[in-house]
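What shape does this take:
(one chain, ligands or ions: 1)
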Amino acid sequence: MKATKITDGVHWIGANISTNDLFEGIWPIPHGVTINSYVVKGEKIAIIDLVRDWAGASNYLIEELKSLGISLKDVDYFILNHLEPDHTGDLRALYELAGGAEIITSKKGVPLVDAFYGLKDKVRGVSSGDTLDLGGGKVLTFYDAPNVHWPETMVTFDSSTGTLFSCDAFGSFGALKGCLFDDQTSEEDHKFYERESLRYYSNIVGPFSNFVLKAIDAVSSLDIKIIAPSHGLVWRGNPKRIIDRYIAYANYMKDYAEPKITLIWGSMYGNTELMLRSVIQGVASEGVSTEVFRVPQDNISFILASAWESAGIIFGMPTYEYKMYPPMRDVLNHLAQKHTWKKKVFRFGSFGWSGGAQKDFDSMIEKMKWDVLDPLEFQGAPSYEDLDKGFEMGKKLAQEIKVIPRKLK
Ligand code: FEO
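Okay, here's the model as predicted:
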């Protein structure tokens, strides 16, 4: 593997990962992921963000360095923008091989370097505005970006080339499809990365959306020409495209969303399922699209992505043992934990001897900031009259989500 030149004195030395592992042990990555690492060379040499022990990633990093005539022993600094182990997992081994490099991270990152890797010597904590002069005109400036994605996260800016090393911010799932740069990526592939960046955002960064907006604000005065995140494409043709996308994603937690509905359903014996078509027809009668997921069959990662951007969510599930259909409880837990807020919501479902799902549902969504329509429950199979009501409720929700404010904050 050879390093890829980004700009003067900056190369990509990352790894394109294909694995059956789950990201964070939770999220499927059927299309892979990149762990981007960068080497910046002045008179001294810094590596910005590292890799973890995935698919031989460290070997790639070392080989890519070698292709530049650099060995680990030549490295003066490891700059750790973020301590999550996808970017630091191999720190200890690389630090020992380098034999003398200094670790630079945010002040909050210093104790984590010790906690995760038992390293205390040659670890420097930096604050917003601090600089590192590599010589030869390369001066790196650090900016705290707390909670994008962990409290210790910072970003690094190379003012000589306008390159922002943004770590998780502006990242995406999805391995590279043969090119690293946005301006070499086809529109078809951009659509792929757009879905994967939304899924990444909703799965990983979503709850920290207010911090994302603050971080974007904090770097807005910088003359950014290139965005080099630690996952996904490097943006040098149109960095504004990924910045705007992240602003939109962050605002999905507020009064802003796409005019679409995510419908999540589960059914024990097909009676709740019988209502599905009527509700979707009602939504479609208003020209609104519905993305449908079945639980427990469909993975929560994809459900979160769709729900995150949707103005409306419909839940179809029966009562089970006087409570909610259990797989939907898992969905609601995830939606709550990821702050999937400010949605217009409708629920329908069947019950046998008595209800109970709605009471359970209501108690779970109390803190979700959702605007909830009256539910539609029916005993056993839905009657023709019930099906007509389902159509009308789908239509009503579609009408309401069409008037969600569309102005970004
Ligand atoms: Fe890519 Fe929060 O680590």
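
wait, isn't Gln358 in contact with Asp374?
No: contact criterion Cβ atoms under 8 Å: Gln358 and Asp374 do not qualify, at 9.9 Å. To be clear about C-beta, it is placed using only N, CA and C from the backbone, and glycine gets the same treatment.

Which of those two has more residues huddled nearby?
Shown here are Gln358 and Asp374; by other Cβ atoms under 10 Å, Gln358 has more neighbours (18 against 11).

can you confirm that one is in a helix?
Yes: secondary structure of Gln358, determined by DSSP: H, G, I helix; E, B strand; the rest coil: located in a helix.

Not counting its neighbours along the chain, what's nearest it?
Closest residue to Gln358 in three dimensions, ignoring its sequence neighbours and counting by Cβ to Cβ, 6 or more residues apart in numbering: Pro375, at 5.2 Å.

Thought Phe348 was touching that neighbour, still the case?
Yes: at 6.6 Å, Pro375 and Phe348 qualify as touching, with contact defined as Cβ under 8 Å.

neighbour-wise, which of these two wins?
Of the pair Pro375 and Phe348, Phe348 is the one with more neighbours under other Cβ under 10 Å, namely 27 against 17.

Quick one: residues contacting the more buried one.
Shown here is Phe348, whose contacts under the criterion Cβ atoms under 8 Å, 6 or more residues apart in numbering are 272, 275, 279, 314-316, 375-378, 390, 393.

Select from these every entry located in strands.
The strands, defined by DSSP state E, take in 314-316, 376-378 from these.

Let me have these in a markdown table, extended by distance to the ligand and neighbour count.
Rendered in a markdown table, the data for the ones in strands among the contacts of Phe348 read as follows (distance: Cβ to the nearest ligand atom, whole Å; neighbours: other Cβ atoms under 10 Å):
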| residue | distance to the ligand | neighbour count |
| --- | --- | --- |
| Ile314 | 32 | 28 |
| Phe315 | 30 | 26 |
| Gly316 | 34 | 28 |
| Leu376 | 40 | 22 |
| Glu377 | 41 | 19 |
| Phe378 | 44 | 22 |
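
show me the contacts for the closest residue in space to Ile224 that isn't next to it in sequence.
The shortest distance from Ile224 to any residue other than its chain neighbours is 5.0 Å, reached at Leu164 (Cβ to Cβ, 6+ apart). The contact partners of Leu164, by Cβ under 8 Å, 6+ apart, come to 155-158, 219, 222, 224, 226-228, 239.

Of all pairs in the residues you listed, which one is the farthest apart?
Put simply, by Cβ to Cβ the two of those set farthest apart are Thr156 and Pro239, 15.4 Å from each other.

Looking at those two, which one has more neighbours?
Thr156 (25 against 21).

which residues does that one bridge with?
Beta bridges link Thr156 to Phe142, Phe165, judged by DSSP bridges.

roughly how far apart are Asp168 and Gln399?
Computed as Cβ to Cβ, to the nearest Å, the Asp168 to Gln399 distance reads 38 Å.

try Gly99
Between Gly99 and Gln399 the computed distance is 66 Å (Cβ to Cβ).

Endpoint to endpoint, stretch 128-144 covers what distance?
Distances were taken as Cα to Cα, to the nearest Å; on that basis the terminal residues of stretch 128-144 are 5 Å apart.

Of all the residues in that stretch, which ones are buried?
Of all the residues in stretch 128-144, those buried under the rule 16 or more other Cβ atoms under 10 Å are 130, 132, 134, 138, 140-144.

and which of those residues is nearest the ligand?
Compare each of the buried residues of stretch 128-144 with the ligand using Cβ to the nearest ligand atom and the shortest gap goes to Asp144, at 15.1 Å.

With adjacent residues omitted, what lies nearest to the closest one?
By the measure of Cβ to Cβ, 6+ apart, the closest residue to Asp144 outside its immediate chain neighbours is Ser128, 4.6 Å from it.

Quick one: residues contacting the residue of the stretch 301-409 of the chain found nearest the ligand.
Across the stretch 301-409 of the chain, no residue is closer to the ligand than Lys338, which sits at 14.3 Å (Cβ to the nearest ligand atom). With contacts taken as Cβ under 8 Å, 6+ apart, Lys338 has the following neighbours: 202-203, 206-207, 304, 308.

Mind putting the residues you listed into a markdown table with secondary structure?
Formatted as a markdown table, the contacts of Lys338 follow (three-state DSSP):
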| residue | secondary structure |
| --- | --- |
| Ser202 | helix |
| Asn203 | helix |
| Gly206 | helix |
| Pro207 | helix |
| Leu304 | helix |
| Trp308 | helix |
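
Okay then, goodbye and thanks.
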